[in-house]
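> Pasting a predicted model and its sequence here:
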Amino acid sequence: MTIAAKGAVRKAVVSTLERIGRGSCAEIERRSDIADGGSRAALWALHKDDLAHITAWERSTEKSAPAAVWVLGPGQNAPRPAPKPRASRGYVAKYSPFSDGERTVDLPMDYPVKSVFVGGVNPWTGGVA
């Protein structure tokens, strides 16, 4: 299939996809020496002209976000997969001593408040803090 692309990046993307058949943005950039992120705009421009579409979504690792796999030609985009639950991505809730809503018993709450202003005078109000 021959596609007349406008612009150097679009031409590089089209020639790379014609050569490899299908690929993610990162793979297309790696194989055609396009700067980081340059192929994404070109692919969406090709998609807008109905010259390319997303055929699948693939993850590079189990915890990574899915990446679009592009092919040349008209077609309907594959639906983006739903995000994985937090637990399967290795999310661990941070522990807080106040998570139960109660303060720790060992912390004294009746200590005197001391000023942090020089000389104990608040410069905005002119009074003692």
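Looks like it arrived, so ask away.
> how many other residues sit next to residue 64?
By other C-beta atoms under 10 Å, the residues close to residue 64 number 10. (Each C-beta comes from the backbone N, C-alpha and C, glycine too.)
> my bad, residue 79
By the criterion of other C-beta under 10 Å, residue 79 has 8 neighbours.
> how far away is it from residue 27?
Distance of residue 79 to residue 27, given as C-beta to C-beta, to the nearest Å: 21 Å.
> And residue 19, by the same measure?
11 Å.
> Give the rounded mean pLDDT of stretch 51-62.
Averaged over stretch 51-62, pLDDT sits at 89.
> who's more crowded, residue 19 and residue 27?
Remark: of residue 19 and residue 27, residue 27 carries more neighbours, 17 against 10, as counted by other C-beta under 10 Å.
> Show me which residues of the helix or strand encompassing that one are buried.
Secondary structure assigned from DSSP states H and E places residue 27 in helix 25-32. Judged by neighbour count (16 or more other C-beta atoms under 10 Å), helix 25-32 contains these buried residues: 25, 27-29, 31-32.
> before we move on, what about stretch 39-50?
Those would be 39-40, 42-43, 45-47, for stretch 39-50 by 16+ other C-beta under 10 Å.
> ok so, going back, nearest to residue 71, of the buried residues of helix 25-32?
Of all those, residue 71 sits closest to residue 28, with 11.2 Å by C-beta to C-beta.
> which residues does that closest one contact?
Residue 28 is in contact with 13, 16-17, 20, 34, 39, 43, 70, counting by C-beta atoms under 8 Å, 6 or more residues apart in numbering.
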